[in-house]
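Visitor: Provided below for reference: sequence and predicted model.
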Amino acid sequence: GESVGLHLPTLSVQEGDNSIINCAYSNSASDYFIWYKQESGKGPQFIIDIRSNMDKRQGQRVTVLLNKTVKHLSLQIAATQPGDSAVYFCAEFGSWGKFQFGAGTQVVVTP
Amino acid sequence: EAGVAQSPRYKIIEKRQSVAFWCNPISGHATLYWYQQILGQGPKLLIQFQNNGVVDDSQLPKDRFSAERLKGVDSTLKIQPAKLEDSAVYLCASSLLAGGYNEQFFGPGTRLTVL
C-alpha cells in the first residue's frame, strides 16, 4: 500500500554544518506532512509541519521543503548541534484521519 | 503543562503471559492514540480513540490485543497472550481536538520485551 519512506537510514554530520534529511511519500492525497525528532528512550517530538498547499516552511533552525511534483519532503537543520543527534521521522496525515510514519533516519553529529 | 504519562516504562515477560500498559493523556485532549514501534521502524498506529469511542483499530491484532478508554480520559492496552514478535515500544499519544489534523503529543513509551 501507499506509505512514507526515507532515503537514508543514517546521516553523519559535523557539528556546525547543515543537515538535510529526505523523505519520499507516495500518497498524493495527504494534507499535512510532519517531521518528528525521537531521542533515545523518549517518544517522538513534533518539530515542524507543512500543509500540502505550501512548498516551504521555516522554524527555528529548521526548514521543511515539499516538492509535490516528485513527492519529496526534506528537513533542513541549520548549524547542527550535538543535541540534534536523534532519529528523525517524517509522517503524513490525510483525509483518512490518521498519521502514517516512515522508518526514520538516524542523525549522528560528530565534533 | 504536564505531558502524556505512561507506565510502566519497562516490562519483561515470558511468551504466552499477559501484560497491560497504562496511559494518561494531556488533560482535556479528546483524541488518544496507541502506537507500536518495533526497533528501527517508525511508529505504527494500533488504535485511535476520540473521547471514549474507537475511530480506528484496523491494525490492532484483536485476537490478542485489546484497549479501552474509560470516561474518555485514561487508557489501557492489553496483550493476552504475548508473542515474541510483540517485543516493541508501545507509545501513547494525545491530541487536543477530535478529528482533523492537530498536533499529537507523545508519552515516553513502554518498552516490552517478550522472552
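Guide: Noted; the coordinates are in hand.

Visitor: and the residue nearest in space to the middle of chain B, what does it touch?
Guide: The centre of chain B sits closest to residue B:34, judged by CA atoms, centre = their mean, with a distance of 2.8 Å. Residue B:34 makes contact with B:23, B:45-48, B:67, B:75, B:77, B:90-92, according to CB atoms under 8 Å, 6 or more residues apart in numbering or on different chains. Using the backbone N, CA and C atoms, a C-beta is placed for each residue, glycine as well.

Visitor: Neighbour count, secondary structure and pLDDT for these - can I get that in CSV?
Guide: What follows is the contacts of residue B:34, written out as CSV (neighbours: other CB atoms under 10 Å in any protein chain shown; DSSP: H, G, I helix; E, B strand; the rest coil; pLDDT from 0 to 100):
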residue, neighbour count, secondary structure, pLDDT
B:23, 25, strand, 98
B:45, 20, strand, 96
B:46, 20, strand, 98
B:47, 23, strand, 97
B:48, 24, strand, 96
B:67, 22, strand, 98
B:75, 23, strand, 97
B:77, 23, strand, 98
B:90, 23, strand, 98
B:91, 27, strand, 98
B:92, 26, strand, 98
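
Visitor: Near chain A, list only the ones from those residues.
Guide: Among the contacts of residue B:34, the residues within reach of chain A (CB under 8 Å from any CB of the partner chain) are B:45, B:48, B:91.

Visitor: Switch the residues you listed over to JSON lines; also include distance to residue A:100.
Guide: Putting those into JSON lines (distance: CB to CB, whole Å) gives the following:
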{"residue": "B:45", "distance to residue A:100": "8"}
{"residue": "B:48", "distance to residue A:100": "12"}
{"residue": "B:91", "distance to residue A:100": "15"}
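
Visitor: hmm, which helix or strand of the chain has the shakiest average pLDDT?
Guide: Went with chain A since none was named. Within chain A, no helix or strand scores below strand A:4-6, which has a mean of 51 by mean pLDDT, DSSP states H and E.

Visitor: my bad, chain B
Guide: strand B:53-56 (a mean of 94).

Visitor: Does that one reach chain A?
Guide: Yes: Strand B:53-56 reaches chain A (CB under 8 Å from any CB) through B:55-56.

Visitor: partners of that strand, with directions?
Guide: Strand pairing for strand B:53-56, using DSSP bridges, gives strand B:44-50 (antiparallel).

Visitor: show me where pLDDT drops low in chain B?
Guide: Applying pLDDT under 70 to chain B picks out residues B:1.

Visitor: near chain A, which residues of it show up?
Guide: B:4, B:33, B:40-45, B:48, B:55-56, B:91, B:93, B:99-101, B:103-109.

Visitor: from those, which would you call buried?
Guide: Among these, those classed as buried by 16 or more other CB atoms under 10 Å in any protein chain shown are B:4, B:33, B:42-43, B:45, B:48, B:56, B:91, B:93, B:101, B:104-109.

Visitor: Sticking with the closest residue to residue A:101 other than its chain neighbours, tell me its helix or strand.
Guide: Nearest residue to residue A:101 in three dimensions, chain neighbours excluded: residue B:42, at 3.3 Å (CB to CB, 6 or more residues apart in numbering or on different chains). Using DSSP states H and E, residue B:42 sits within no helix or strand.

Visitor: Across the sheet, point out what pairs with residue B:37.
Guide: residue B:89.

Visitor: show me what contacts it?
Guide: Residues in contact with residue B:37 (CB under 8 Å, 6+ apart) are B:43-44, B:88-91, B:109.
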